[in-house]
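1. make a model of this:
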Amino acid sequence: MMKMLGIVAYSSLLISFITAVLAIMGYRWLYWISALGVYMFSIIAGFTIGQFTVGLTFVFLTLAVGSSLRMLKGKLRSTLIVGCGFVLGICMVVFVDDKWLFFPLRFIV
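-> Numbers count the residues shown, from 1 in each chain. Below you'll find the model as predicted:
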C-alpha cells in the first residue's frame with residue numbers, strides 16, 4: 001500500500017512539473033493541472049515535506065488565475081504574479097493551520 005502511494009505521489013509531482021513546463025511554453029490552462037498535481041503530492045507526502053510543497057501550490061494557482069484573467073502579458077506582470085504566489089504560499093504555510101490547508105483530506109479519510 002505504501003509503495004503504491006509513493007508511486008501516485010511522485011507521478012503527480014512529475015505530471016505537475018511537466019504541465020508547468022508546458023504552461024510556460026504557451027499552454028496556459030495547464031497551470032490548473034500543475035496546481036492540482038502539486039496539491040495531490042503535498043496531501044499524499046504527509047505533514048513533513050507536504051507542508052513545504054503546499055506553498056508551491058499557491059504559486060501555480062496565482063499563475064492559473066492570472067492566465068484566466070489574461071493578466072500574464074509581460075515579464076514584469078508574470079514576475080509580480082509569481083512573487084505574490086510565493087508570498088501567499090509562505091503566509092499560508094506559516095500562519096494557517098494544517099487542518100485548513102489539507103481540508104479535502106477530511107473527506108477522503
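2. residue nearest the middle of the chain, spatially speaking?
-> Centrality entry for the chain: nearest residue to the mean C-alpha point is residue 57, 2.0 Å, by Cα atoms, centre = their mean.
3. does it really touch residue 86, like I thought?
-> No. Distance between residue 57 and residue 86: 11.4 Å, which falls outside the contact criterion (Cβ atoms under 8 Å). All C-beta spots, glycine's among them, are computed from the backbone N, C-alpha and C.
4. hmm, back to that, so what's the residue nearest to the centre of the chain up against?
-> Taking Cβ atoms under 8 Å, 6 or more residues apart in numbering, we find residue 57 in contact with 35, 38, 39, 42, 89.
5. top of those by number of neighbours, please.
-> Neighbour counts for these (other Cβ atoms under 10 Å) peak at residue 38, which has 26 neighbours.
6. in which helix or strand would I find that residue?
-> helix 30-45 (DSSP states H and E).
7. which helices and strands sit right next to the longest helix belonging to the chain?
-> Longest helix of the chain, by residue count under DSSP state H: helix 2-24. With contacts taken as 3 or more Cβ pairs under 8 Å, 6 or more residues apart in numbering; DSSP states H and E, helix 2-24 sits against helix 30-45, helix 49-68.
8. could you check how far the residue lying closest to residue 61 once chain neighbours are set aside is from residue 3?
-> Leaving aside its chain neighbours, residue 61 sits nearest to residue 35 (4.8 Å; criterion: Cβ to Cβ, 6 or more residues apart in numbering). Computed with Cβ to Cβ, to the nearest Å, the distance linking residue 35 and residue 3 is 26 Å.
9. what about this structure, any weak spots by pLDDT?
-> Applying pLDDT under 70 to the chain flags residues 1, 47, 105-106, 108-109.
10. thank you, goodbye.
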